[in-house]
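*Asks:* with the input below, show me the fold.
(one chain, ligands or ions: 3)
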Amino acid sequence: MNREVRIIGAPSDYGANRRGVDMGPSAIRYAGLADELERTGLTCTDAGDLTVPRAEERDPEEVQPTAGSAKFLKETREVCTALADEIAETITSGSFPLVLGGDHSIAIGSLNGSGRDEDVGAIWFDAHGDFNTPETSPSGNVHGMPLAAALGYGAFGDEPWASGNRVSESNVVLVGLRSLDEREKEDIRDSDMTAFTMSDIDERGTSEVVEEALDIATAGVDQIHVSFDMDWLEPNEAPGVGTPVRGGATYREAHTALEAVAERDDAEDVLRSLEFVEVNPVLDERNKTAELAVELAASALGKRVL
Ligand SMILES: NC(=[NH2+])NCCC[C@H](N)C(=O)O
Ligand SMILES: [Mn+2]
Ligand SMILES: [Mn+2]
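*Replies:* Ligands and ions are numbered 1, 2, ... in the order given. Reported below is the predicted structural model:
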């Protein structure tokens, strides 16, 4: 990474069913993000946190799980619009946006900001597909919907964020899936995205899968957004997440994956923006998950063992 890194906190928990993920950005900063990036040889500035509507004012009705809806859409729109603007400005100014979530709903803003002026691809490291729509979601939680939202599926087709970006669907690659809802499976299969499951990683190995993901994500576009959900990892490595799923990536696989991203970026300048989401300090063990996010951010941005 040869650009100045600009840290942007997006402390929203409106897309998740468990509170606490709004404290993710502080936990990651507290775990030493800026120092670690500087030790890696990067210059970085911290833009602070975006303003998020006050949780105290949330509608208690919307806190209940409701299939076939999208909870806190107004608040999510507000956060994502601000985030998209911040990312687009950061890129225009020649810096590199490193976004700290917050739950994964903030990625609607990240994809919009990253894909505002240019066709972009995306790699999505996640246990989940995050491809539900308000119609298909079993939970109503928008953190299970950001890819469908940014690409304008279902009721999201009417949202300004669907037409407001140039994310190219055939350049979107999901990596390491292991928990999908039934309708979501069908919709991923029917989409133009590419999906690699945890079984693909078991059979072929992390390096090969991530190299292929990078080839697909960058085919015909210059740059990509990388979205990293901490629940991609095995829960014992990353206990501080709201929706843990067994059978995740190991500590070493996670570093391997992000080192591959960094190497490709070194050679071809492919990284346009990067985010780490779903760190929930309330559920964490002594900030372990935030500390891991710091390590992984450094790997993605060029830290090497030797
Ligand atoms: N970003 C996440 N952790 N997403 C979890 C989504 C879980 C489930 N598929 C849902 O729609 O509710
Ligand atoms: Mn996710
Ligand atoms: Mn997830």
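*Asks:* relative to ligand 3, how far out is Y251?
*Replies:* Relative to ligand 3, Y251 is positioned 17 Å away (C-beta to the ion, to the nearest Å). All C-beta spots, glycine's among them, are computed from the backbone N, C-alpha and C.
*Asks:* what about that residue, distance to R272?
*Replies:* 26 Å (C-beta to C-beta, to the nearest Å).
*Asks:* which residues touch the closest residue to ligand 3 within the stretch 51-200 of the chain?
*Replies:* Proximity to ligand 3, evaluated over the stretch 51-200 of the chain using C-beta to the ion, is greatest for H128 at 3.7 Å. By C-beta atoms under 8 Å, 6 or more residues apart in numbering, the contact list for H128 reads G144, L177, S179, L180, D229, D231, T243, V245.
*Asks:* can you pull out the strands in the stretch 151-300 of the chain?
*Replies:* 167-177, 194-197, 223-229, 271-277 (DSSP state E, counting those that start in this stretch).
*Asks:* can you give me the buried ones in the least confident helix or strand in the chain by mean pLDDT?
*Replies:* The weakest-scoring helix or strand in the chain, judged by mean pLDDT, DSSP states H and E, is helix 160-163 (a mean of 83). Residues of helix 160-163 classed as buried by neighbour count (16 or more other C-beta atoms under 10 Å): W161, A162.
*Asks:* find the closest residue to ligand 1 in the stretch 101-250 of the chain.
*Replies:* Closest residue of the stretch 101-250 of the chain to ligand 1, C-beta to the nearest ligand atom: G144 (2.2 Å).
*Asks:* for that residue, which non-adjacent residue is spatially closest?
*Replies:* N132 (4.7 Å; C-beta to C-beta, 6 or more residues apart in numbering).
*Asks:* contact partners for that neighbour?
*Replies:* So N132 contacts P138, G144, M145, A148, D181, R183, E184 (C-beta under 8 Å, 6+ apart).
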